[in-house]
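Asks: Could you work out the structure for the sequence below:
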Amino acid sequence: MYAVLAWFSERRDPVGADAALHRWRTAIDPLIPGSYERRRLGGGDWGLEVLHTPNAGAYRWPIFAKDGPVTAVSMGLPVGMDTTGGPIGLARRLLAGEEVHGTVVPPFTMLAAEGGERFAIQQDWLGMGRVFTGTADGITVFCTRPSLVAEFLHGRREPDVDGWLAYAASGQFGGDMSPIRGVRLMSPGEHVTGQRHPDGGWRLTSRIRRSADDIVAEGVAAQEHGVEAAVDLAAQSMVSVADSIFDLYDDEISIGLSGGKDSRVIAAAFLAAGKPVSFNTNADFAVEAETAQRLLEIVRDSRGWKPEHRVFLAGKPDNVLAEGLFERTARLQSLYDFQFPSSYVQRPATHRQLAANRPASISGVGGELVIGYWYPPDESTDLDMALGRQTAIDHLTRSTPPHAMVPEALAREQERVGAIVDHGASLGLRGQALGDYIYLVERDRRWFSPAYLYGVVSPFLAPGVVAASFALTGAEKRRWALHHGLFDRLVPEWSGVPFVQGYAPGPSTAAAVWDGDGVKTMSDLLDTAGGPLTGVIRPEAVRKALKHCVDGSSPGKRHPPMLRQFTYLAVATHALLPGEVRSTPPTTYARLTAAPKKKAPPSLVHRVGRRLGFFHRTALGRRVWSAVRARLR
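Replies: Coordinates of the predicted model:
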């Protein structure tokens, strides 16, 4: 729904600024629908460009607002924040130094500017807002797309190999890393201010304000108040989210309802609050749809609630396979600048341009924090620091199965994650709770769709709910104390319906990565895409998995993440490192699909030798057999 660029030079007359702007506009234009509005502000030593949908639709909070000298650019929705005075009022408070972001449900990043004299940018406390930054030749850039930071500053984009290593092992770009070298994501709670010198040029200052670490520490300190206090805090926060989003959105809101726990809690909160919501269920696994339908039948009978319910197939093969695997992957990378999870290559191809208005919806992202999602089965080990550390590292770094990664590359990513775990321990976290911290600051921050899709809101990421999750003990998480406590308060008649746990049972109707032209595409990529990105995955592991797919045997189909990850890195190589793409004709697919050769009938020598094999076990027998064999030939 928008693309934003802001740049500030420390010099009055920066060299090459006009050329940099031209590069940025040339690169962004193919992604921008013709209907988008284009706002341009600035002078010789700074600039702000905002491209956004022409109207806000049902949203009551505009992306761009201007009143006199004050400009407000909102990247995301300020759910949970004090929005008194609208965007301009919020921008004025930000410019005045107020810490405005502490209660927001991420992602949300705001840029406020006052004429050409000062500005402030505030990243949300989780660092989920997609604003990237880089500096070169005295110019600092903030942009919603990492590739375009590099295009502006350097006129080229090169992959950040460490970032792609994290993507290969952990499924997302880790920490503040990005797909592009020299570009980073703004940190959790990062607050940047700029003041223009009287004779031109800008002085920038950066500091960290309220961040995820503060909220986690507050949760740890609240453990002494017990589980009921944590449930009360979570309930108040969820109701607050429901109220807040309807202050910002003037239409019915869609909520995903599956057979699991998280969507059920969210549905209960919105229904009990009397908000106008509808539900949708992904029926790729039939049991999910059956459970969701049963839940809604219960509230229709018990309370007379009759919300709309849409059941759909997200990965319906006919829709997915309308475009080939390479094209689906390339479009996904182009639209989201390489950042989206590779699992989405098994969904229908994305559009080629940024979206127009999309309806607001509710997500269950973050619900894993309150259920001991990564905890091992042995409860007695919950406070074991060494085991908790290793569990966190293992779970995060297995998006590509460890046996399929180059050992040195996997060790580097495990070391990076281990350092984050150790930082979590410094906040007072113990044992398996270290895995919850990693899940929050890595997986929730970088992997899930609310970070990329405007209007997707997750109540589990409200600061109060996150704090409540870290106020729970391991035993309370294992028995889903927060979920059951919320059901008791909101819709107790749902408590008796079993949850669909883990992977839904039964076959999936969704397309797999190897369907359609998948095996052919991956085989060809294996032959042609070289270089450092694909180099972190062992080619023999990919080849073996592809062979299993061709044969129809199950081992290759038990590990689709490796094939998706390899595909993602290989297609990115075509875009970012075209010099690493080999021009030699592919051969792997032909070898994998070739009919097995028929064995030639044994020769006369072989048949006689097989029958008389016992005879040439002695020295005399071997001499006799040599003479006979020579005559037979």
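Asks: Run through the residues that contact the nearest residue to T588 once chain neighbours are set aside.
Replies: Excluding the flanking residues, the one nearest T588 by Cβ to Cβ, 6 or more residues apart in numbering is S523, at 4.2 Å. Where C-beta positions appear, they are placed from N, C-alpha and C, glycine not excepted. Contact partners of S523, counting by Cβ atoms under 8 Å, 6 or more residues apart in numbering, are 546, 586, 588-589, 592.
Asks: do R443 as well
Replies: Per Cβ under 8 Å, 6+ apart, neighbours of R443: 171-172, 368, 396.
Asks: Tell me where the stretch 401-550 of the chain is predicted with low confidence.
Replies: 501-507 (pLDDT under 70).
Asks: can you map out the helices along it?
Replies: 407-426, 433-438, 445-446, 463-471, 474-478, 481-490, 518-528, 539-551 (DSSP state H, counting those that start in this stretch).
Asks: and of the ones you listed, who's closest to S178?
Replies: Set against S178 and scored by Cβ to Cβ, these come closest in helix 445-446, at 10.1 Å.
Asks: Phi first, then psi, for the residue sitting nearest the centre point of the chain.
Replies: The residue lying closest to the centre of the chain (Cα atoms, centre = their mean) is W447, at 1.8 Å. Note on W447: its backbone torsions stand at phi -100, psi -30 [degrees, to the nearest 10].
Asks: Could you check how far it is from S380?
Replies: W447 sits 31 Å away from S380, going by Cβ to Cβ, to the nearest Å.
Asks: Likewise for D250?
Replies: Distance from D250 to S380, by Cβ to Cβ: 52 Å.
Asks: The two: which is more packed in?
Replies: Ranked by neighbour count (other Cβ atoms under 10 Å), D250 and S380 place D250 first, with 12 against 6.
Asks: from what I can see that one touches W61, true?
Replies: No. Using Cβ atoms under 8 Å, D250 makes no contact with W61, being 10.6 Å away.
Asks: now, which of the contacts of S523 lie within strands?
Replies: If you go by DSSP state E, the contacts of S523 have nothing in strands.
Asks: who wins for neighbours among these?
Replies: L546 (24 neighbours).
Asks: Which one of the contacts of R443 is nearest to W7?
Replies: Q172 (27.0 Å).
Asks: quick one on the thing from earlier: do you know which of the helices of the stretch 401-550 of the chain lies nearest F312?
Replies: helix 518-528 (22.5 Å).
Asks: tell me the angle of that closest one relative to helix 539-551?
Replies: Orientation of helix 518-528 against helix 539-551 (axes from the mean of the first three to the mean of the last three Cα atoms, to 10 degrees) gives an angle of 160 degrees.
Asks: Now helix 518-528: buried residues?
Replies: Of the residues in helix 518-528, 518-526, 528 count as buried by neighbour count, 16 or more other Cβ atoms under 10 Å.
Asks: What of stretch 446-458?
Replies: 446-448, 450-458.
Asks: and A19, what does it touch?
Replies: Contacts of A19 by Cβ under 8 Å, 6+ apart are G155.
Asks: Any idea how far the helix or strand where it lies is from the middle of the chain?
Replies: Per DSSP states H and E, A19 falls inside helix 17-28. From the chain centre to the centre of helix 17-28 is a distance of 28 Å (Cα atoms, centre = their mean, to the nearest Å).
Asks: Give me the mean pLDDT for the very next helix or strand once past it.
Replies: Downstream of helix 17-28, the first helix or strand assigned by DSSP H and E is strand 37-43. Strand 37-43 carries an average pLDDT of 96.
Asks: Which neighbours in the sheet does strand 37-43 have, and how are they oriented?
Replies: Here strand 37-43 is paired, per DSSP bridges, with strand 46-52 (antiparallel).
Asks: Restrict the strand it pairs with to CA atoms and write it as PDB.
Replies: Output of strand 46-52 as PDB, limited to C-alpha atoms (Å, rounded to 0.1, in the frame of the first residue of the first chain):
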ATOM      1  CA  TRP A  46      17.200  16.100   2.100                       C
ATOM      2  CA  GLY A  47      14.200  14.500   0.600                       C
ATOM      3  CA  LEU A  48      11.000  12.600   1.400                       C
ATOM      4  CA  GLU A  49       9.100  10.600  -1.200                       C
ATOM      5  CA  VAL A  50       5.900   8.800  -0.300                       C
ATOM      6  CA  LEU A  51       4.000   6.700  -2.800                       C
ATOM      7  CA  HIS A  52       0.700   5.400  -1.500                       C
END
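Asks: buried sites along the helix or strand that that strand is followed by?
Replies: Downstream of strand 46-52, the first helix or strand assigned by DSSP H and E is strand 64-67. Buried residues in strand 64-67, counted by 16+ other Cβ under 10 Å: 64-66.
Asks: ok, so of those, who is nearest G324?
Replies: F64 (37.7 Å).
Asks: Please state the offset of stretch 131-142 from the chain centre?
Replies: Relative to its chain's centre, stretch 131-142 lies at 24 Å (Cα atoms, centre = their mean).
Asks: just stretch 533-543 next, same as before
Replies: That offset, for stretch 533-543, works out to 22 Å (Cα atoms, centre = their mean).
Asks: Equivalent analysis for stretch 456-472, please.
Replies: On Cα atoms, centre = their mean, the centre of stretch 456-472 falls 18 Å from that of its chain.
Asks: Just the terminal-to-terminal distance for that stretch.
Replies: End-to-end distance of stretch 456-472 (Cα to Cα, to the nearest Å): 27 Å.
Asks: and S170, how far is that from D394?
Replies: Distance from S170 to D394, by Cβ to Cβ: 11 Å.
Asks: Of the two, which one has the most company?
Replies: With neighbours defined as other Cβ under 10 Å, S170 and D394 compare such that S170 has more, 25 against 14.
Asks: Look up phi and psi at the more buried one.
Replies: phi -110, psi -10.
Asks: what is the mean pLDDT for stretch 332-346?
Replies: 95.
Asks: Pull up the distance across it, start to finish.
Replies: 11 Å.
Asks: Distance from it to the middle of the chain?
Replies: Counting by Cα atoms, centre = their mean, stretch 332-346 comes out at 9 Å from the chain centroid.
Asks: Can I take it that T350 is in a strand?
Replies: No. Read with DSSP: H, G, I helix; E, B strand; the rest coil, T350 is coil and lies in no strand.
Asks: Now do the contacts for it.
Replies: Residues near T350 by Cβ under 8 Å, 6+ apart: 328, 331-332, 335-336.
Asks: Can you tell me which of those has the most neighbours?
Replies: Highest neighbour count within the contacts of T350, by other Cβ under 10 Å: R328, with 27 neighbours.
Asks: right, and that residue touches S342 too?
Replies: No. Counting by Cβ under 8 Å, R328 stays clear of S342, with 10.7 Å between them.
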